[in-house]
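Trainee: here is the input, now give the coordinates:
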Amino acid sequence: MFKFCLALLMAQHWTDAELYYDNFIVGLSKVQDPVVRNSYDVCEQIQIKTKSLRFQQVKCNASLPRYSMVIIQQPATGPGLLVLDEVEVFEPKNPESKLWLRFPNQRLEKTVTYNKSSSRAACVSECSVRNCYLVSYRNATQRCELFQTLKGMGEPYTLTTAAGWETWKVQYA
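Mentor: Reported below is the predicted structural model:
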């Protein structure tokens, strides 16, 4: 079992103007069972729209436990084809070295795992204690929304513009 830090994905160039790599997901599993959409934990979602994916670095969320399998899957609404030339997977150099990323005026609109009123510092600290995936926080109301885990690709988990909100996510440094 490994703590995955990042995957490097490289794909060939496509001439078909209709083929895009858009919001595909890198998931993780502990067992080598057939992949069932929406059943595995999310490492990260590639939130780009491009015709050619030359090189993409994916840093997994640092609050995830150890896994042995990497899953790469496109959205259910994707074009039905995902071609990768090479995938490299690495463990973090220092699993204790973590970095909180802040996304101002962004909010994740999915079912909340944990919801309470608190300060920003207490909210982010609570996320650390609970090993949550990310946290959305609104300073004006002191609303703290924790998201324990994100599963599969039932719906994209892209952040949406939301004035006054900020989202925090932990990754390996």
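
Trainee: got the phi/psi numbers for the nearest residue to P104 once chain neighbours are set aside?
Mentor: Distance criterion C-beta to C-beta, 6 or more residues apart in numbering; nearest residue to P104, sequence neighbours excluded, is E166 at 5.1 Å. In short, each C-beta sits where N, CA and C put it, glycine included. Phi and psi for E166, reported as degrees, to the nearest 10, are phi -140, psi 150.

Trainee: give me the beta-bridge partners of E166?
Mentor: Beta bridges link E166 to P104, Y137, judged by DSSP bridges.

Trainee: W100 is in contact with that one, correct?
Mentor: No - between E166 and W100 no contact is recorded; they are 11.0 Å apart, counting by C-beta atoms under 8 Å.

Trainee: of the two, who's got more company?
Mentor: E166 (18 against 15; other C-beta atoms under 10 Å).

Trainee: roughly how far does that one sit from S136?
Mentor: With distances taken as C-beta to C-beta, to the nearest Å, E166 is found 7 Å from S136.

Trainee: tell me how far the residue nearest to the spatial centre of the chain lies from Y172.
Mentor: Geometric centre of the chain, nearest residue: E44, 2.7 Å, by C-alpha atoms, centre = their mean. Distance of E44 to Y172, computed by C-beta to C-beta: 11 Å.

Trainee: on that earlier part again, so who does the residue nearest to P104 touch?
Mentor: By C-beta atoms under 8 Å, 6 or more residues apart in numbering, the contact set of E166 is 102-106, 120, 136-139.
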